[in-house]
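S.K.: sequence below, structure please.
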Amino acid sequence: MTAISLRNLDIFYGATKVVHDLTLDIAEGESVALVGESGSGKSTVLKAITGLATNWTGAIAVEGVPRSHRIDRRCARQCQLVFQDPYASLHPRKTVDDALSEPLAIHGIPDDGRRVETTMAAVGLDARLRFRFPHQLSGGQRQRVAIARALMPEPRILLLDEPTSALDVSVQAEILNLLKRLRREQGLTYLMVTHNLPVVSFLCDRLAVMQKGRIVEIAEVARFKTGALASPYARELYAAGASRGC
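M.R.: Model prediction:
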């Protein structure tokens, strides 16, 4: 089954087209990365899928259901977005319990009183953190809360927008291992935006290389690891990563 289907997708900010004729299919259970320089339209694609960017033409389907240009509650429950900066995405005056309980209220999901506790355990958060505020948590703990919040409505797809870029290197590894385990245990599908090429190698099956709003190459990660890429721009990205020891 196809989890996400994007067909001839053009996305606009005002009169400016920022994504051009993008076509990409992501299979159920697959992990795919969107890579490319800043401003190439990667995060904009995630926003269009979730309904945060509404000015687009073409077709977007989530699990076979075409989505409209508005925020769709059904789609939102199936397909959750994890933002880049967990401190900015968590309300400073709401506790962990508030943050994790809110999606249940929004989606009308009955709460047996244990779902928050169970989800915290699933992402490696100590139960004693449940009533703390974001400023009382470390960066890694905040990102675990953000991931837990996304998991609360039991989605089948996670959209990950640079989920480790705001974290220290040692904490990045912990979050990547968590995401890999969650995908395996819960059968999740990932579409990830990242600049970090080792993240692609570790977590993804395929990558789509974007340049100036267009996909210039789609490749299996196995081919990416050897540098056997067709487009000059994709080879430049690979060479730049290799020169940094990636």
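S.K.: nearest residue to the middle of the protein?
M.R.: Nearest to the mean C-alpha position of the chain, by C-alpha atoms, centre = their mean, lies Leu160 at 1.3 Å.
S.K.: contacts for whichever helix or strand Val32 is part of?
M.R.: If you go by DSSP states H and E, Val32 is part of strand 31-35. For strand 31-35, the external contacting residues (C-beta atoms under 8 Å, 6 or more residues apart in numbering) are 24, 26, 42, 45, 183, 189-195, 197, 199-200, 203-210, 237. Every residue, glycine included, has its C-beta placed from N, CA and C.
S.K.: re earlier: the closest residue to the residue nearest to the centre of the chain other than its chain neighbours: what's it in contact with?
M.R.: Closest residue to Leu160 apart from its sequence neighbours, by C-beta to C-beta, 6 or more residues apart in numbering: Met192 at 4.2 Å. Listed by C-beta under 8 Å, 6+ apart, the contact set of Met192 reads 31-34, 159-161, 163, 199-200, 203-204.
S.K.: need those residues in CSV with pLDDT and distance to Ala59, can you?
M.R.: Listed next are those as CSV, based on pLDDT from 0 to 100; distance: C-beta to C-beta, whole Å:
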residue, pLDDT, distance to Ala59
Ser31, 98, 23
Val32, 98, 18
Ala33, 97, 22
Leu34, 97, 18
Leu159, 98, 18
Leu160, 97, 23
Asp161, 95, 22
Pro163, 90, 27
Val199, 90, 29
Val200, 92, 26
Leu203, 95, 27
Cys204, 96, 24
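S.K.: quick one: which of the residues you listed is nearest Arg142?
M.R.: Pro163 (11.5 Å; C-beta to C-beta).
S.K.: and Val209, how far is that from Leu81?
M.R.: Separation of Val209 from Leu81 (C-beta to C-beta, to the nearest Å): 22 Å.
S.K.: between the two, who's got more neighbours?
M.R.: Legend: neighbour count by other C-beta atoms under 10 Å for Val209 and Leu81, higher for Val209 (25 against 22).
S.K.: phi, psi for the closest residue to Leu22 other than its chain neighbours please.
M.R.: With sequence-adjacent residues excluded and distances taken as C-beta to C-beta, 6+ apart, Leu22 is closest to Leu9, at 4.3 Å. Here is the backbone geometry of Leu9 (degrees, to the nearest 10): phi -80, psi 120.
S.K.: need the pLDDT of Leu9.
M.R.: Leu9 is assigned 98 on the pLDDT scale.
S.K.: and it, how many neighbours?
M.R.: For Leu9, the neighbour count with other C-beta under 10 Å is 23.
S.K.: offset the numbering so it begins at 54, please.
M.R.: Understood, numbering begins at 54; the last thing we discussed is Leu62.
S.K.: so it touches Ile113, yeah?
M.R.: Yes - using C-beta atoms under 8 Å, Leu62 is in contact with Ile113, at 6.7 Å.
S.K.: between those two, what contacts are shared?
M.R.: In terms of C-beta under 8 Å, 6+ apart, Leu62 and Ile113 are both contacted by the residues Ala101.
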